[in-house]
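Asker: Generate coordinates for the sequence data below:
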Amino acid sequence: MFRQIFSNIPDVTKNLLLINILLFIVSLFLAQSGSGLENILEAHYINSTFFQPYQAVTHMFMHSLTDPFHIIFNMFLLVSFGSHLERIWGSKRYFIYYISCGLGAFILYNVIGVWEIWELQTELKAAGNDIQYINRLIHDGKLVSGSQLNLKVINELINAGELKLPNEVHDSFRKYIAYNYSSLVGASGAVFGLLAGFAMLFPNTELNLMFIPVPIKAKYLIGAYLAFEVYSSIYNSNDQIAHLAHVGGAIVGIIFILFWRRKDRANFY
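Answerer: Numbers count the residues shown, from 1 in each chain. Prediction:
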């Protein structure tokens with residue numbers, strides 16, 4: 001039965017599913033051995049000391065190792081909605097759409113974070129600090145021990161005059177380190193693009209949820225979900241979920257649909 005279901009998934013969606021699952025398993029294995037693949041492939045803000053250009057793509061194939069529901073939910077939505085869109089669009093258009101939505105998630109995720117890092121750098125510079133020096137310390141892991149600040153090293157650097165952290169700058173210093181380590185993982189941005197695309201193309205398709213006894217039209221269910229993400233990106237910014245990335249994926253998806261519809265209205269679904 002499982003083999004039959006798997007064989008019915010179109011090629012691009014199937015490969016995306018396999019890559020996500022494979023990287024999740026490999027990441028679990030490496031984490032147990034003391035290595036961290038997620039530390040390499042997750043996406044950092046573009047002005048973080050840990051950022052690498054390839055992360056703009058690789059982040060959408062990584063998922064939280066501490067929350068299995070993260071990958072389960074994303075892969076369920078990928079197969080449910082991605083398979084349908086791939087069948088009507090074809091592999092090439094579908095793949096371009098999916099990756100573009102993931103990139104859109106990464107871009108919007110960076111909008112606020114990059115500005116915050118820049119402001120924190122300005123404040124630290126004004127206190128007389130060398131940002132390049134601080135970045136080297138962060139990149140080499142000298143300011144953090146486990147998940148906590150290495151206060152012993154920080155105090156030694158302050159006493160040696162290599163860090164200048166008056167009381168009003170302490171919080172900015174902590175935030176700067178946190179923003180450098182902050183990262184984005186998951187296929188959620190690309191998946192939200194799939195949801196937005198499906199809702200625009202098939203707004204009156206009725207969807208069933210296990211915990212709701214009545215079917216709900218896609219335009220209402222997905223529309224409400226997207227509205228919740230917009231709300232959460234503004235008011236729930238501290239819940240460790242990249243709501244802004246979800247919104248970014250959906251926005252790019254909507255733009256693509258509107259463009260394709262206008263360009264080829266006769267043949268576009």
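Asker: how about the lengthiest helix in the chain: buried residues?
Answerer: Ordering each helix of the chain by length in residues (DSSP state H) puts helix 91-126 first. By neighbour count on 16 or more other Cβ atoms under 10 Å, the buried set for helix 91-126 is 93-95, 97-110, 113-114, 116-117, 120-121, 123-124. Bear in mind the C-beta positions are built from the backbone N, C-alpha and C, glycine included.
Asker: Poorly predicted segments of this protein, please.
Answerer: 1-5, 33-35, 210-212, 237-240, 264-269 (pLDDT under 70).
Asker: which residues in it form strands?
Answerer: Ranges of strands in the chain, per DSSP state E, are 43-44, 144-145, 148-149, 183-184, 206-209, 212-217.
Asker: how far away is the nearest residue to I19 once chain neighbours are set aside from G193?
Answerer: Distances taken as Cβ to Cβ, 6 or more residues apart in numbering put F61 closest to I19, at 5.4 Å, once the chain neighbours are dropped. Per Cβ to Cβ, to the nearest Å, F61 is found 15 Å from G193.
Asker: The two: who's more crowded?
Answerer: Legend: neighbour count by other Cβ atoms under 10 Å for F61 and G193, higher for G193 (34 against 19).
Asker: and the gap between that one and M60?
Answerer: For G193, the distance to M60 equals 10 Å [Cβ to Cβ].
Asker: Give the residues shared as contacts by those two.
Answerer: When contacts are counted by Cβ atoms under 8 Å, 6 or more residues apart in numbering, G193 and M60 are jointly contacted by 102, 105.
Asker: Phi, psi for the closest residue to I71 other than its chain neighbours please.
Answerer: Leaving aside its sequence neighbours, I71 sits nearest to H63 (Cβ to Cβ, 6+ apart; 3.9 Å). Per-residue torsions, H63: phi -140, psi 160 (degrees, to the nearest 10).
Asker: wait, what's in contact with H63?
Answerer: Contacts for H63 (Cβ under 8 Å, 6+ apart) come out as 20, 24, 70-71, 74, 185-187.
Asker: Got the domain ranges for this protein?
Answerer: As assigned by automatic domain parsing, the chain contains the domains 2-111+184-263, 122-181.
Asker: Now do the end-to-end distance for the last one.
Answerer: One end of domain 122-181 to the other measures 18 Å (Cα to Cα, to the nearest Å).
Asker: next one: that domain to chain centre, how far?
Answerer: Counting by Cα atoms, centre = their mean, to the nearest Å, domain 122-181 is centred 26 Å from the centre of its parent chain.
Asker: for stretch 108-128, same thing?
Answerer: With Cα atoms, centre = their mean, you get 20 Å for stretch 108-128.
Asker: contacting residues around that stretch?
Answerer: Contacts to stretch 108-128, defined as Cβ under 8 Å, 6+ apart, come from residues 43, 45-48, 131, 134, 164-166, 169, 172-173, 175-176, 179-180, 182, 184, 189, 242, 244-245, 247-248, 251.
Asker: In helices only, show me those residues.
Answerer: Counting by DSSP H, those contribute 131, 134, 169, 172-173, 175-176, 179-180, 189, 244-245, 247-248, 251 to helices.
Asker: so G197 touches Y94, yeah?
Answerer: No - counting by Cβ atoms under 8 Å, G197 does not reach Y94; the two are 9.6 Å apart.
Asker: Common neighbours of the two, please.
Answerer: L85.
Asker: Which single one of the ones in helices among the contacts of stretch 108-128 is nearest to F6?
Answerer: Comparing the ones in helices among the contacts of stretch 108-128 against F6 with Cβ to Cβ picks out G189 as the nearest, at 24.9 Å.
Asker: so how far is Y225 from that closest one?
Answerer: According to Cβ to Cβ, G189 and Y225 sit 14 Å apart.
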